[in-house]
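1. What shape does this take:
(one chain, ligands or ions: 2)
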Amino acid sequence: MIVTIQPSEIKGTIQAPASKSSMQRGCAAALLYLGTTIIRNPGHSNDDKAALGVIKDLGAKVETLADGSLQITGGGVNPESGAVSCGESGLGIRMFTPIVSMSNKRITINGEGSLVTRPMDFFDEVLPQLGVEIVSREGKLPLQVKGPLQPKNITIDGSLSSQFLTGLLMAYAASNAKGVTITVDNLKSKPYIDLTLAVMKQFGWQVENRNYEQFHFSGTTNHKPQTINYTVEGDWSGAAFLLVTGAIAGDITVKGLDVQSTQADRAVLQALQACGARLSIQAEQIEIGPGALKAFQFDATECPDLFPPLVALASYCKGTTVIEGAGRLTHKESNRALTLQEEFGKMGVEIELQDDLMLIKGGNGLKGAAVHSHHDHRIAMACAVAALKATGETVISEAHAINKSYPDFYEHIQSLGAVVQKQFENEPI
Ligand SMILES: O=C(O)C1=C[C@@H](OP(=O)(O)O)[C@@H](O)[C@H](O)C1
Ligand SMILES: C=C(OP(=O)(O)O)C(=O)O
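-> Ligands and ions are numbered 1, 2, ... in the order given. Got it, this is the predicted structure:
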């Protein structure tokens, strides 16, 4: 799909989308939980759909209730076929691979798009230590595993991604780990582990977090035979694009975000405060509007998904914004530091990369351009937001990449006044 965005006047109120990080974790927990879970406010992004597909293939029964909630009957890992697909979701494959490995059946785990080239060699190294046979395509998909996973004391590297640890924590807990510890060197994206532990706690699994260096399982569970009501949180990662829209293009109100959430990308509020956007944070809603925007400094090492919206923001901030943590972007849906440099370059924004630092020279005006998402949802959304105050129209190729996390994104900005035109392939212009 090609999307054209015109410079637009923005105003209105919008509900944040459902968080795929919260939804996918809820699906995994519901599969493992020995009982029924009601998932309220379920997401419908491609990553969410993939997670639902995986848990169904692993034996969960999923029913849609009249109000749109999902009723999931789990009961552990009981694979119905010899293969599962995680779509394009990094969290999906890294969380579900240890969970799939709880089975004693040989199962192939596959995916598509950018996931095929993202690194999974962590599993080649770690799973055999837990009694799991694994064959990969030299550290890439597809993976073939055969368990059952046996929780043991291990030491892992947390520097590439927190997602592997999320999967191990869930699989250890559901395998009744007792008296064992996962030691983690150099963990990054720590708030995502807070989110994992918060979800696990709601389902009755207790893990002791010793300063993000050790995760100890004493075997304490708090399961009561009851239906769990799990509500998917509003998504700070997707909402970051809405909030930046407000900061650069007009007064808006965003609803449905929990300001106490453990989600990493809640940190977008700090950047919005630092750059001088007009911001009112209330329990029920966040109001935001443009101010005299100035360059800011921000460390995104623990919240790497904020780079794309913050680059859109920094483009409109006078001076050079410095964002730390660019090294965390290499293995996302695209090599995001380079992608941002290339695509924002087309709109006239100079971005310099100095080791782990990204320097964005902003406040000089943006020009509409023909840009490409590189099949990366967050790049498509960053370009769309930046286009709202550029001179001239911006044409985004492969714009449907947004379906990975925020399928309603274009409709949402349209409802705020953005002039958006969609053109599907094979359609006349
Ligand atoms: O656990 C999660 O939900 C995620 C963790 C982060 O990945 P890393 O831990 O690889 O940084 C983030 O970038 C990703 O979009 C979602
Ligand atoms: C990197 C992302 O997701 P994942 O790693 O789960 O594919 C993302 O949503 O930006």
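
2. For the rest of this, base every contact and every neighbour count on C-alpha atoms.
-> OK.

3. helix/strand/coil for the closest residue to ligand 1 within the stretch 1-150 of the chain?
-> When scored by Cα to the nearest ligand atom, the stretch 1-150 of the chain has S21 as its residue closest to ligand 1, at 3.9 Å. Recorded secondary structure, S21: helix (DSSP: H, G, I helix; E, B strand; the rest coil).

4. With H216 instead?
-> What three-state DSSP gives for H216 is strand.

5. neighbours of it, just the number please.
-> Neighbour count of H216, defined by other Cα atoms under 10 Å: 20.

6. What segments of the protein are helices?
-> Counting by DSSP state H, the segments of the chain that form helices are 20-32, 46-57, 90-100, 121-126, 163-174, 190-202, 236-249, 268-275, 307-315, 336-346, 377-387, 409-415.

7. For the last one, name the packing helices and strands.
-> What that stands for is helix 409-415. strand 12-15 (3 or more Cα pairs under 8 Å, 6 or more residues apart in numbering; DSSP states H and E).

8. what residues does the stretch 301-429 of the chain put near ligand 1?
-> P304, D305 (Cα under 6 Å from any ligand atom).

9. need the residues of the stretch 301-429 of the chain near ligand 2, please.
-> D305, K332, E333.

10. filter the residues you listed to the buried ones?
-> D305, K332, E333 (16 or more other Cα atoms under 10 Å).

11. give the contact list for the first one.
-> For D305, the contacting residues are S237, D265, R378, by Cα atoms under 8 Å, 6 or more residues apart in numbering.

12. Would you quantify the distance from it to Q15?
-> Note on D305: its distance to Q15, by Cα to Cα, to the nearest Å, is 20 Å.

13. ok, now the second one?
-> When distance is defined by Cα to Cα, K332 is 26 Å away from Q15.

14. Report how many residues lie close to the nearest residue to V207 once chain neighbours are set aside.
-> Nearest non-adjacent residue to V207, counting by Cα to Cα, 6 or more residues apart in numbering: F217, 5.2 Å away. Counted with other Cα under 10 Å, residues neighbouring F217 total 23.

15. What residues does F217 make contact with?
-> Counting by Cα under 8 Å, 6+ apart, F217 touches A173, A177, K178, G179, V180, T181, Q206, V207, E208.

16. mind putting those in a markdown table, distance to ligand 1 and neighbour count included?
-> Output for the contacts of F217, formatted as a markdown table (distance: Cα to the nearest ligand atom, whole Å; neighbours: other Cα atoms under 10 Å):
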| residue | distance to ligand 1 | neighbour count |
| --- | --- | --- |
| A173 | 17 | 22 |
| A177 | 22 | 21 |
| K178 | 24 | 15 |
| G179 | 25 | 13 |
| V180 | 23 | 16 |
| T181 | 20 | 23 |
| Q206 | 18 | 19 |
| V207 | 17 | 24 |
| E208 | 18 | 14 |
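
17. follow-up on the earlier one: of the contacts of D305, just say which sits nearest to ligand 1.
-> Closest approach to ligand 1 among the contacts of D305 (Cα to the nearest ligand atom): S237, at 8.2 Å.

18. wait, isn't the closest one in contact with L306?
-> Yes - here S237 reaches L306: they are 6.9 Å apart, a contact under Cα atoms under 8 Å.

19. Mind checking which of those two has more residues around it?
-> Comparing S237 with L306 by neighbour count (other Cα under 10 Å), the higher total belongs to S237, at 28 against 25.

20. and that one, what does it touch?
-> By Cα under 8 Å, 6+ apart, the neighbours of S237 are S19, D265, R266, D305, L306.

21. For the closest residue to N41 other than its chain neighbours, give its distance to S373.
-> Nearest non-adjacent residue to N41, counting by Cα to Cα, 6+ apart: V232, 5.4 Å away. Using Cα to Cα, one obtains 27 Å as the distance from V232 to S373.

22. So for stretch 86-94, mean pLDDT?
-> Mean pLDDT, computed over stretch 86-94, is 98.

23. buried sites along that stretch?
-> Across stretch 86-94, burial judged by 16+ other Cα under 10 Å covers C86, G87, E88, S89, G90, L91, G92, I93, R94.

24. Pipe those residues into JSON lines and attach distance to ligand 2 per row.
-> As requested, these are exported to JSON lines (distance: Cα to the nearest ligand atom, whole Å):
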{"residue": "C86", "distance to ligand 2": "10"}
{"residue": "G87", "distance to ligand 2": "9"}
{"residue": "E88", "distance to ligand 2": "6"}
{"residue": "S89", "distance to ligand 2": "4"}
{"residue": "G90", "distance to ligand 2": "3"}
{"residue": "L91", "distance to ligand 2": "4"}
{"residue": "G92", "distance to ligand 2": "6"}
{"residue": "I93", "distance to ligand 2": "8"}
{"residue": "R94", "distance to ligand 2": "8"}
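
25. one step back: wait, what's in contact with the residue of the stretch 1-150 of the chain closest to ligand 1?
-> Going by Cα under 8 Å, 6+ apart, the list of residues near S21 reads L91.

26. wait, Q226 sits on T36?
-> Yes - Q226 lies in contact with T36 (Cα under 8 Å); the separation is 7.3 Å.

27. Looking at these two, which one has more neighbours?
-> Using other Cα under 10 Å as the criterion, Q226 and T36 rank with T36 on top: 21 against 10.

28. Tell me the bridge partners for the more buried one.
-> T73 (DSSP bridges).

29. Quick one: residues contacting it.
-> Contacts of T36 (Cα under 8 Å, 6+ apart): A30, Q71, I72, T73, G74, Q226, T227, I228.

30. okay if I get the helices of the chain as CSV plus distance to G291?
-> CSV is the format used below for these (distance: least, Cα to Cα, whole Å):
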stretch, distance to G291
helix 20-32, 31
helix 46-57, 35
helix 90-100, 36
helix 121-126, 45
helix 163-174, 37
helix 190-202, 29
helix 236-249, 7
helix 268-275, 9
helix 307-315, 12
helix 336-346, 22
helix 377-387, 16
helix 409-415, 20
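
31. among these, which is nearest F296?
-> Counting by Cα to Cα, F296 lies closest to helix 268-275 out of the helices of the chain; the figure is 5.5 Å.

32. what residues does that closest one touch?
-> Outside helix 268-275, the residues that touch it by Cα under 8 Å, 6+ apart are 240, 244, 247, 279, 293-298, 306, 310, 317.
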